[in-house]
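[1] dropping a prediction and its sequence here:
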Amino acid sequence: MRAVQIDRHGGPDVLALREVAAPEPAPSEVLIRTAAGSLNPVDWKTRAWEVGPPLPATLGWDISGRVVASNDPAHEVGAHVIAMSAQIATGRGTWAELVALPGHLLAPAPATVPLADAAALPLAGTTALQALRATELSVGERILAVGAAGAVGGLVVQLARLIGAHVDALVSRPGHEQAATELGAERAWHRPQDLPRVLRLAQLLQLSHLARNGPSFPHTVTSRPSSISG
């Protein structure tokens, strides 16, 4: 089978398409025939920096595809799935025609989007869910999603609306404001200085926290509805 691998760290020129042996799923693992993968910041950082699994390594965290062999009863052969490789823990990459992963890293692919498009969900979606769980957001609260037109921020907007929260959006350029509102944001801005005063204060408090403690979930700022004004 073919896989995109690196045997050294560096620029894009270190990427190589190679013929490698097909993986055999171990107990509790599932073999997936790849429909699509995706490109996340962690992928180019793994390629460029001295981080990641031992070399040579197959890159990639996200995958969508069809189960072709399964040692996990939760995932039947023929099922369409999405998965995140958790490469730091597993050493596995997804940029290959066949990928074997532990069954607990898989989820059924959504039926409402093409299978190839679903490959963009696992890593960004997991990050968005973790961010919202950390905020303990509830119905009626208001949240500011920073980077709301991006992969994680866009999913935060949609999930927060599903919870029943009100969503404001901060994006990086004017052309992204409409995209944020189409995803479900009630209001959108592209300049931090245009935010309502209380939202600017919330963002400043968050930046102060990041400066002291390092990054955690930089995409969201939550406020009680009584504290928000135009």
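    Now that the structure is in, tell me what you want to look at.
[2] any low-confidence regions in this structure?
    Scanning the chain for pLDDT under 70 picks out 197-230.
[3] how about the strands in the chain?
    Applying DSSP state E to the chain gives strands spanning 2-6, 16-19, 29-37, 57-58, 62-70, 80-84, 98-102, 106-108, 142-146, 166-170, 187-189, 220-223.
[4] okay if I get the ones you listed as TSV plus distance to R92 and mean neighbour count?
    For the C-beta atoms, the positions are set from N, CA and C on the backbone; glycine is no exception. Shown next, in TSV, are the strands of the chain (distance: least, C-beta to C-beta, whole Å; neighbours: other C-beta atoms under 10 Å):
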stretch	distance to R92	mean neighbour count
strand 2-6	11	19
strand 16-19	16	10
strand 29-37	10	22
strand 57-58	7	20
strand 62-70	10	22
strand 80-84	10	23
strand 98-102	6	22
strand 106-108	12	18
strand 142-146	31	26
strand 166-170	35	25
strand 187-189	38	20
strand 220-223	30	21
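[5] ok now stretch 100-110, how far from the chain's centre?
    On the basis of C-alpha atoms, centre = their mean, to the nearest Å, stretch 100-110 sits 15 Å off its chain's mean C-alpha point.
[6] re the thing from before, and the strands of the chain: which comes nearest E136?
    Among the strands of the chain, strand 220-223 comes nearest to E136, with 7.9 Å by C-beta to C-beta.
[7] isn't G65 right next to T34, touching?
    Yes: the criterion here is C-beta atoms under 8 Å, and G65 meets it with T34 at 4.6 Å.
[8] now for the two: what residues contact both?
    Residues touching both G65 and T34 (C-beta atoms under 8 Å, 6 or more residues apart in numbering) are V99.
[9] the residue lying closest to E141 once chain neighbours are set aside and L155, how far apart?
    Distances taken as C-beta to C-beta, 6 or more residues apart in numbering put A165 closest to E141, at 5.1 Å, once the chain neighbours are dropped. Note on A165: its distance to L155, by C-beta to C-beta, to the nearest Å, is 14 Å.
[10] neighbour count: the two, which is higher?
    Between A165 and L155, counting by other C-beta atoms under 10 Å, L155 is the more crowded of the two (24 against 21).
[11] tell me which residues touch that one, please.
    By C-beta under 8 Å, 6+ apart, L155 lies in contact with L121, A124, G125, A128.
[12] what is the nearest of those to A149?
    Distances from A149 to the contacts of L155, taken by C-beta to C-beta, are shortest for A124, at 12.5 Å.
[13] what's the burial count for the closest one?
    Neighbourhood size, A124 [other C-beta under 10 Å]: 21.
[14] count of neighbours near the residue nearest to it when sequence neighbours are not counted?
    Nearest residue to A124, sequence neighbours excluded (C-beta to C-beta, 6+ apart): A151, at 3.8 Å. Neighbours of A151 under the rule other C-beta under 10 Å: 18.
[15] could the contacts of L155 go into CSV alongside distance to P114?
    Shown next, in CSV, are the contacts of L155 (distance: C-beta to C-beta, whole Å):
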residue, distance to P114
L121, 12
A124, 17
G125, 16
A128, 20
